[in-house]
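1. Sequence plus predicted model, see below.
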Amino acid sequence: MIRLSQVGKRYGDRDALRGVDLELPKGSLNFLMGPSGAGKSTLLRLLLALERPDAGQVEVAGLNLGTLPRRQRPAYLRRVGAVFQDPQLLADRTVYQNVALPLQLAGYAEATQGPRVRAALGQVGLAGAEGRLPRALSTGERQRVGIARALVHRPALVLADEPTGNLDPALSAEIMGLFQRFQQVGVTVVIATHDVDLVQRFSGQALHLEGGRLVGRAALGGVS
Amino acid sequence: MRAPAPREGGSLRGLARWRADQRYALREARQTLRAQPLGTALIVLTLAVALLLPAALERVLALTEGNLAHWPTTPRINVFFASPEPPAALIARWRAHPEIGALEVQSSEASRAEFQAALGMETALSRGLAGAAMPPLPSVVIVTPRPEAQSAARLKALAEGLDREAGALGVQVDLAWVERLQGTLGFFTQVLVLFQGLLTAAVVLLVGALTRMALLERLPALRTLRLLGASDGFLLAPFLYQALAYGVAGGLLAALSLLALESSLTPALQALATAYALPLAPGGSAVLAALSVLTEAVCFAFLGALGAGLWVLGRFDRLTAPSSGL
């Protein structure tokens, strides 16, 4: 599904990533771990095709993102689900409208959007919240709307950057549980997080980055 | 992941997809316009005024120039004589003059009849004059110079020459006012071109600046949409529709105002033309002029928005600082 070969990325005179080799199979749950500045977000930006690597190759499902023409980037992004620390919901749109955005962008007929949006909201425990505005939601609810939005179009790959960064431990575990459920139905999930304790509770693999290098990888047992 | 569009059930393709995207963009534009009715009204009014000013001036010039074309434009020199008839020998000599194309002789009696006719027989003055011993009017020779002698300098020289002839009371050169008017109109046409250029630029810049501000204001939302896979066209479409709405509304207002203005000014112009015993030509179609204003408004607004949109999207990555690490 994802293959990185000797990937390097520089910002000015600082190496954000150096010689990263990585293969992530389809349907795997992967946690990118490491201190701030380790290169987690840079790696996610490369996987989202928001940046091009300065060295090496980034391939997703056989697609070389380093050579992906700029005009084809939107089509690629429409096939990926992205979750951010700040869910970046559109403030003047309802929960329904926010979650329906990927369907709108992917060209789904309006008639087919409703059932999918309601199903996605049901999966994250927000059934019935369709008409609410983001400002009327709690932090955890907003994050769950962001996750529903990332999953509503059934992407094969979900990338999440610190999705539990603003949440309390109980809610964080609940959110991570959601990701695990999606991984179990064949979605490849890559999550950047600082939270070592939380990650220990899930099965999957932890990838440790430090100073832009992949310094270790470990299988997680999943004690939850 | 290779396919640019989803292949699952429910997804649209081709024209249906394009129409769905346009419907979405229209909804977005309508929502934005409705959210700020006063701002929208002020923008539309500003556009209408900026479009109406040069259009109205252009109509006045077109009307004046159109009428000048219908008015006599061949210069003539009237030479007056105290005698009831101009001297026959002089007339014969002038007929052979190399700079004179045509001559019309009007006796003192004919001048009097024309004067009375001009006054109208029913007026009190005319009735009074008919019964009274009216002082004699001069006889006139109306000289039309040959086309090659109609320049201002040669006309002046010819008039001075005719004025020096024995028996001539004086000369009057017709149409000097037409020349002056044409000169003035030529000047105002140049001013109009400049004026139109400036106000066109104002419309384009106004809509461009508004679109740029609206785009910058919505940068975080646009960044989110882009991360979800929105193309540049999808991001820009609502703003282009918004600009088109400004253009259509501003253009319609300007066009209707132009028609109303013309309709209210026509009677006054008609009266003016009648006073000078001249025909009033329409000076082109007012409806066409109004349609032209509407078309210009839509085009200029669209161009302004497109320019601003491309400017912002071209700098999108620099303008959007990641807020979540991404």
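-> Nice, thanks for sending it over.

2. show me where pLDDT drops low in chain B?
-> Applying pLDDT under 70 to chain B flags residues B:1-13, B:66-73, B:118-135, B:175-179, B:182, B:276-284, B:321-326.

3. Next, see if the lengthiest helix in it gets close to chain A.
-> Counting by DSSP state H, the longest helix found in chain B is helix B:232-275. Yes. Judged by CB under 8 Å from any CB of the partner chain, helix B:232-275 and chain A are in contact via residue B:234. C-betas here are computed from N, CA, C, even on glycine.

4. Report the distance from that helix to the chain centre.
-> Taking CA atoms, centre = their mean, to the nearest Å, one finds the center of helix B:232-275 at 13 Å from the center of the full chain.

5. pLDDT (mean, whole number) over the longest helix along chain A?
-> In terms of residue count, the longest helix belonging to chain A (DSSP H) is helix A:169-184. In this model, helix A:169-184 has a mean pLDDT of 85.

6. Give the other helices and strands that the helix or strand just after it contacts.
-> Later in the chain than helix A:169-184, the nearest helix or strand by DSSP states H and E is strand A:188-192. Packed against strand A:188-192 by the contact rule (3 or more CB pairs under 8 Å, 6 or more residues apart in numbering or on different chains; DSSP states H and E) you find strand A:29-33, helix A:40-47, strand A:157-161, helix A:169-184.

7. Pull up the pairing partners for strand A:188-192, direction included.
-> According to DSSP bridges, strand A:188-192 forms sheet pairs with strand A:29-33 (parallel), strand A:157-161 (parallel).

8. want to try TSV for these, with mean neighbour count as columns?
-> Rendered in TSV, the data for the strands paired with strand A:188-192 read as follows (neighbours: other CB atoms under 10 Å in any protein chain shown):
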stretch	mean neighbour count
strand A:29-33	24
strand A:157-161	24
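
9. Please convert those to a markdown table, extending it with distance to residue B:115.
-> Output for the strands paired with strand A:188-192, formatted as a markdown table (distance: least, CB to CB, whole Å):
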| stretch | distance to residue B:115 |
| --- | --- |
| strand A:29-33 | 105 |
| strand A:157-161 | 98 |
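
10. now those in TSV, with mean pLDDT?
-> Listed next are those as TSV, based on pLDDT from 0 to 100:
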stretch	mean pLDDT
strand A:29-33	93
strand A:157-161	93
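
11. Is any residue of the helix or strand hosting residue A:98 near chain B?
-> Applying DSSP H and E as the criterion places residue A:98 in helix A:95-106. Yes. Shown here: helix A:95-106 in contact with chain B (CB under 8 Å from any CB) through A:101, A:102, A:104, A:105, A:106.

12. what's next to that helix, contact-wise?
-> A:74, A:78, A:81, A:89-90, A:93, A:112-113, A:116-117, A:120-121, A:126, A:129-134, A:137, A:145, A:148-150, A:152-153, B:5-6, B:11, B:20, B:24, B:225, B:228-230, B:234 (CB atoms under 8 Å, 6 or more residues apart in numbering or on different chains).

13. tell me which residues in the helix or strand following it are buried?
-> Next helix or strand after helix A:95-106 toward the C-terminus (DSSP H and E): helix A:110-123. Buried residues in helix A:110-123, counted by 16 or more other CB atoms under 10 Å in any protein chain shown: A:113, A:116, A:117, A:118, A:120, A:121, A:123.

14. ok, the spatially most central residue of chain A to residue A:83 distance?
-> Residue closest to the mean C-alpha point of chain A, counted by CA atoms, centre = their mean, is residue A:159 at 1.8 Å. Here the criterion is CB to CB, to the nearest Å. By it, residue A:159 lies 7 Å from residue A:83.

15. which bits of the stretch 151-300 of chain B sit near chain A?
-> Within the stretch 151-300 of chain B, the residues that sit near chain A (CB under 8 Å from any CB) are B:220, B:221, B:223, B:224, B:225, B:226, B:227, B:228, B:229, B:230, B:231, B:234.

16. For chain A, what's the nearest residue on the stretch 101-250 of chain B?
-> residue B:229 (3.3 Å; CB to the nearest CB).

17. what sits against that residue?
-> Taking CB under 8 Å, 6+ apart as the criterion, residue B:229 is in contact with A:74, A:75, A:76, A:77, A:78, A:79, A:80, A:102, A:105, A:106.

18. Which residues does the residue nearest to the centre of chain A form beta bridges with?
-> Beta-bridge pairing for residue A:159 (DSSP bridges): residue A:82, residue A:190.

19. From residue A:61, how far out is it?
-> Counting by CB to CB - residue A:159 and residue A:61 are separated by 13 Å.

20. want to throw the residues of helix A:95-106 next to chain B into CSV with neighbour count?
-> Formatted as CSV, the residues of helix A:95-106 next to chain B follow (neighbours: other CB under 10 Å):
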residue, neighbour count
A:101, 23
A:102, 32
A:104, 20
A:105, 23
A:106, 24
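
21. So residue B:54 is in contact with residue B:195, correct?
-> Yes. Counting by CB atoms under 8 Å, residue B:195 is a contact partner of residue B:54 at 5.2 Å.

22. So for these two, which residue has more residues nearby?
-> The neighbour comparison of residue B:54 against residue B:195 (other CB atoms under 10 Å in any protein chain shown) goes to residue B:54, with 21 against 15.

23. secondary structure element for the more buried one?
-> Judged by DSSP H and E, residue B:54 forms part of helix B:37-70.

24. Can you give the distance of that helix from its chain's centre?
-> Its chain's C-alpha centre and that of helix B:37-70 lie 8 Å apart, by CA atoms, centre = their mean.

25. which residues touch the helix or strand following that helix?
-> The helix or strand immediately downstream of helix B:37-70 is strand B:77-81, counting by DSSP H and E. By CB under 8 Å, 6+ apart, the residues outside strand B:77-81 that reach it are B:86-87, B:138-143, B:145, B:155, B:158-159, B:162-163, B:165, B:167-174.

26. From the residues you listed, list the buried ones, please.
-> For the contacts of strand B:77-81, a burial check counting by 16+ other CB under 10 Å picks out B:86-87, B:138-141, B:143, B:145, B:155, B:158-159, B:162, B:165, B:168, B:171, B:173.
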